[in-house]
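Visitor: Sequence first, then the predicted structure, then my questions.
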Amino acid sequence: MKQPPNQKDSDRFELYVIQLMRFYDIKRSHIAARLEGNGHTVKRALDPRDSLTTSHGNILLTRKTIEQMLMEKGWDGDPLALWDEYDNI
């Protein structure tokens, strides 16, 4: 059975959360549908540069939704570790 990516072995050219979303087949459109919004807000929240100018509430809501969706798919990692790369920019 294929294992999800490990953050320590993560490809430095792609953020860890994006790798997990790809592995678990979670698309921006799925997140936007869950938030009952459009994909543009999700895209901005996932882009490290755009997230600096995105509403804090939108970022938190998007992050929480992604964490929930990953856990529903069977991911059992540390939710806070997902966002280290974003918060250290």
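Guide: Arrived safely, thanks for sending.
Visitor: all contacts plus neighbour counts: C-alpha atoms, from now on.
Guide: Noted.
Visitor: the longest helix in the chain is where?
Guide: Looking across the chain with DSSP state H, the single longest helix is helix 56-72.
Visitor: so how far is that helix off the chain centroid?
Guide: Relative to the chain's own centre, helix 56-72 is displaced by 7 Å; criterion: CA atoms, centre = their mean, to the nearest Å.
Visitor: which residues of the protein fall in helices?
Guide: 16-23, 28-35, 39-46, 56-72, 84-87.
Visitor: Residue 4: which of those helices is closest?
Guide: helix 16-23 (6.4 Å; CA to CA).
Visitor: Give me the below-cutoff pLDDT ranges for this protein.
Guide: Scanning the chain for pLDDT under 70 picks out 1, 6-13, 89.
Visitor: Need the residue closest to the centroid of it.
Guide: In the chain, the centroid-proximal residue (CA atoms, centre = their mean) is residue 17; its distance is 4.4 Å.
Visitor: That residue against residue 84, yeah?
Guide: No. Residue 17 lies out of contact with residue 84 (CA atoms under 8 Å); the separation is 9.9 Å.
Visitor: The spatially closest residue to the residue nearest to the centre of the chain that is not a sequence neighbour: how many residues sit nearby?
Guide: In space, and not counting its chain neighbours, residue 17 is closest to residue 82: 5.6 Å by CA to CA, 6 or more residues apart in numbering. Residue 82 has 19 neighbouring residues, counting by other CA atoms under 10 Å.
Visitor: isn't residue 82 right next to residue 19, touching?
Guide: No. The criterion here is CA under 8 Å, and residue 82 misses it with residue 19 at 10.5 Å.
Visitor: buried set for stretch 38-55?
Guide: Under the neighbour-count criterion of 16 or more other CA atoms under 10 Å, stretch 38-55 has 39, 41, 42, 43, 44, 45, 46, 48, 51 buried.
Visitor: residues contacting residue 19?
Guide: Residues in contact with residue 19 (CA atoms under 8 Å, 6 or more residues apart in numbering) are residue 5.
Visitor: Just want to check the distance between residue 63 and residue 80.
Guide: Residue 63 sits 10 Å away from residue 80, going by CA to CA, to the nearest Å.
Visitor: how about stretch 69-82: buried residues?
Guide: Neighbour-count burial for stretch 69-82 flags 69, 70, 79, 82 (criterion: 16+ other CA under 10 Å).
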